[in-house]
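Q: coordinates for the following, if possible.
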Amino acid sequence: MYLGEYRIDDYVTLIATTHRFSSGAAYAPTAITYRVYEDATDVEIVADTAMTNFDTETGFYLNRIQCTAALGYEAGKTYTALIKATVDSVAAITAYTWRILTPPVNVTQVAGTAQTAGDLAAMITTVDDFVDTEITAIKTKTDFLPSVTAGAAGGLMIAGSNAATTFATLTVTGASIFTGNVSYAAGITITQSTVNGHGISITGNGIGHGVKFIGGDTGSGAHFVGGATSGHAVNTEAASGYSGFNGVGVGGGYGFRGSMEFLPAALIGGRINADATAISGDSVAADRLETMLDGTGGNTLSAAITGNITGNLSGSVGSVTGAVGSVTGDVGGNVTGSVGSIASNGINNNSLHSNACSKITDSGIQRGASNWENNSDDRSLGWAISKLVNKIDLNAAGDTLTIRKSNDSTALFTQSVTTSGGAAPVVSLDTA
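A: As a prediction, this is how the structure comes out:
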C-alpha cells in the first residue's frame, strides 16, 4: 500500500490489525514486527521492531516512524515497511510504501539571509562586472594567439608534427630529438652540463655520414681545437678493418692537412705516398723499407730497434738486450740473461746436456743439509745422509735412537731400538 509523499523529519504512521483465521474475529498475535527498506535494496535501515498494541484494543497495532536524516532517510528516495505477524499459529505479512520529497527552494533567502529585489539586482550586477573583467583579462592573453590551426605554419607548436618553423634564438636545456632537417643560419653552440658527457653525438644511417662538413670560400668546413691541457682536437675510433679517419683530396685540395712543417720537405705536399724514396736518397734502402712497410717482401732490418714490437716477427733476431715478456715458441739459441719461469713440462728430458746433468748432481751432493733438512720428506734420501753425518743419541732406556739436524741439537727423526739378552744386545733399528 502506498502511503504518499513525506519530507525529512515527517512522521509516517504504520497500522496493522490481526484476526483469527478460522472465524475472522479480532485476535492478538503471538508476535508482530516491522522493518524498513530503502529503495530496492535488501538491507534494512530499520531492523525488526516490535509494534505497539494501540489503546489495549485486541488485534489493533499502531506505530509512528519519524524519517530523520540521522536514521538514514534521504530526500528523493522510496522506503518500504514490511509488517510480519503470527496469529493463531498462522504467519501473515503486509507492506507500506512512501517517498521522501526534495526540500523546497527558499526563493526569498540567499545563504539564510532574506533578500529584496534590489539586493538580487545588485548581486547580479556584481557577478556581471566580475565576468566582464575576467573575460577582458582572458582576451588580453588570447589576442596574441595566432588564428590558424595549431601545428600548421604560423600556428602554435604542438607535441606532434609541426610545419617548418624559424626561431630567432633557441635555447635547449634538456635531451631533444630532431627528426627533420634543422638549419642554423647563425651557427650553434653546445655545452654539455653533465660531467664526462658528450657535447654532441651524431649517428648516420646506411651509407649516410654522421656529420658532413662543407667549408666556405676561405673558411674550414670543420675547425677543431684541442683542450688547454691534454684534450685531443680530434679523437677517432674505428671498427676492425675500417679507418678511424679517412681523408680524400679532390683536385688540388687535401684529404687531410695538419702541421706539415714537422715532416721532411719532400713530404710537404699534403700526401704521404707509398714511394719511400721521398724519405731516403738511397733508393735500395728506400725500396727495402717500402717492402717492409707494405708487406710485399721480407727484407732484413739491420738497425737497432729501441721501442716495442707488438706484431709478429717471422725472421731471426740477432740479440735482445731488454726484457722479454713471454716466449710461446721454441728458443733455438742461447739465453744469456735470466728467465723468470718455465711452464710445466717446458724442458724436454732429451734436451738436457750431460754436463748440465753432472752439474745438477754435483750441486745436490755438495749442498749443505741446513738448506733442505727443514723441508725434507719422511724416509727420504736426506734422512739417510743425515744419519751418516749428523749427531746420533741413544736414550737412557736404550729404546730410542734420535738423529739430530745439522745443528746437533734439533731432532730430525727417531728410530725405535729393540734389544735382547743374547750376545748381540741391539738386534734392529726401525725408523719412526
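
Q: list the contacts for residue 62?
A: Residues near residue 62 by CB atoms under 8 Å, 6 or more residues apart in numbering: 13-16, 51-52, 54. For glycine as for every other residue, the C-beta is placed from the backbone atoms N, C-alpha and C.

Q: closest one of these to residue 163?
A: residue 14 (75.5 Å; CB to CB).

Q: name whatever forms a beta bridge with residue 31.
A: residue 86 (DSSP bridges).

Q: when you give positions from now on, start the count at 12
A: Got it, first residue is 12 now, which makes that one residue 42.

Q: I figured it hits residue 94, correct?
A: No: contact criterion CB atoms under 8 Å: residue 42 and residue 94 do not qualify, at 11.2 Å.

Q: where are the low-confidence patches of the stretch 262-411 of the chain?
A: Along the stretch 262-411 of the chain, segments meeting pLDDT under 70 span 262-292, 303-316, 318, 322, 324-326, 336-338, 340-343.

Q: helices along that one, start to end?
A: 294-305, 365-377, 392-400 (DSSP state H, counting those that start in this stretch).

Q: coming back round to it: out of the contacts of residue 73, which comes closest to residue 396?
A: Of all those, residue 396 sits closest to residue 62, with 124.3 Å by CB to CB.

Q: dump the helices of the stretch 262-411 of the chain to TSV, plus distance to residue 149 and mean neighbour count.
A: Output for these, formatted as TSV (distance: least, CB to CB, whole Å; neighbours: other CB atoms under 10 Å):
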stretch	distance to residue 149	mean neighbour count
helix 294-305	79	14
helix 365-377	105	9
helix 392-400	107	14
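
Q: possible to save those helices as CSV with distance to residue 156?
A: Shown next, in CSV, are the helices of the stretch 262-411 of the chain (distance: least, CB to CB, whole Å):
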stretch, distance to residue 156
helix 294-305, 70
helix 365-377, 99
helix 392-400, 104
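
Q: and residue 163, which of those is closest to it?
A: helix 294-305 (61.6 Å).

Q: now do the closest one: distance to the chain's middle.
A: 54 Å (CA atoms, centre = their mean, to the nearest Å).

Q: swap in stretch 360-371?
A: Relative to the centre of its chain, stretch 360-371 is centred 61 Å away, using CA atoms, centre = their mean.

Q: can you give me the end-to-end span of it?
A: 14 Å (CA to CA, to the nearest Å).

Q: before we move on, what about stretch 335-351?
A: 10 Å.

Q: just stretch 349-361 next, same as before
A: For stretch 349-361, the separation between the terminal residues is 22 Å (CA to CA).

Q: same question for stretch 49-64.
A: 26 Å.

Q: pull out the buried positions in that stretch.
A: Applying a neighbour-count criterion of 16 or more other CB atoms under 10 Å, one finds 49, 55, 57, 62, 64 buried in stretch 49-64.

Q: circling back: residue 42 and residue 94: which is more packed in?
A: residue 94 (19 against 12; other CB atoms under 10 Å).

Q: that's a strand at the more buried one, yeah?
A: Yes: judged by DSSP: H, G, I helix; E, B strand; the rest coil, residue 94 forms part of a strand.

Q: check the spacing between it and residue 12 real quick.
A: Using CB to CB, to the nearest Å, residue 94 is found at 10 Å from residue 12.

Q: and for the two, which residues touch both?
A: Joint contacts of residue 94 and residue 12 (CB under 8 Å, 6+ apart) are 105-107.

Q: which among these gets closest to residue 360?
A: For the shared contacts of residue 94 and residue 12, the nearest to residue 360 is residue 106 (116.0 Å; CB to CB).

Q: contacting residues around the closest one?
A: 12, 91-94.

Q: shouldn't residue 429 be within a strand?
A: Yes: counting by three-state DSSP, residue 429 falls inside a strand.

Q: who's it bridged to?
A: residue 439.

Q: that one contacts residue 409, correct?
A: No: counting by CB under 8 Å, residue 409 is not a contact partner of residue 429; they are 9.8 Å apart.

Q: ramachandran coordinates for the residue positioned nearest the centre of the chain?
A: Nearest residue to the geometric centre of the chain (CA atoms, centre = their mean): residue 208, 17.7 Å. Residue 208 has phi and psi values of phi -90, psi 150 when expressed as degrees, to the nearest 10.

Q: how close does it get to residue 186?
A: From residue 208 over to residue 186 (counting by CB to CB), the distance is 11 Å.

Q: so what sits against both of these two?
A: Common neighbours of residue 208 and residue 186 (CB under 8 Å, 6+ apart) do not exist.

Q: circling back to that earlier point, need the overlap of contacts for residue 429 and residue 409.
A: Both residue 429 and residue 409 lack any common contact, where contact means CB under 8 Å, 6+ apart.

Q: count the neighbours of the closest residue to residue 221 other than its chain neighbours for me.
A: Once flanking residues are discounted, residue 221 sits nearest to residue 215: 4.0 Å by CB to CB, 6 or more residues apart in numbering. By other CB under 10 Å, the residues close to residue 215 number 10.

Q: how does this protein divide into domains?
A: Domain assignment of the chain by automatic domain parsing yields the ranges 13-111, 266-291+299-311, 383-442.

Q: including distance to residue 242, could the ones you listed go into a markdown table?
A: Output for the domains of the chain, formatted as a markdown table (distance: least, CB to CB, whole Å):
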| stretch | distance to residue 242 |
| --- | --- |
| domain 13-111 | 78 |
| domain 266-291+299-311 | 17 |
| domain 383-442 | 58 |
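
Q: need the winner for burial among the ones you listed.
A: Neighbour counts (mean count of other CB atoms under 10 Å) averaged over each of those peak at domain 13-111, with a mean of 14.
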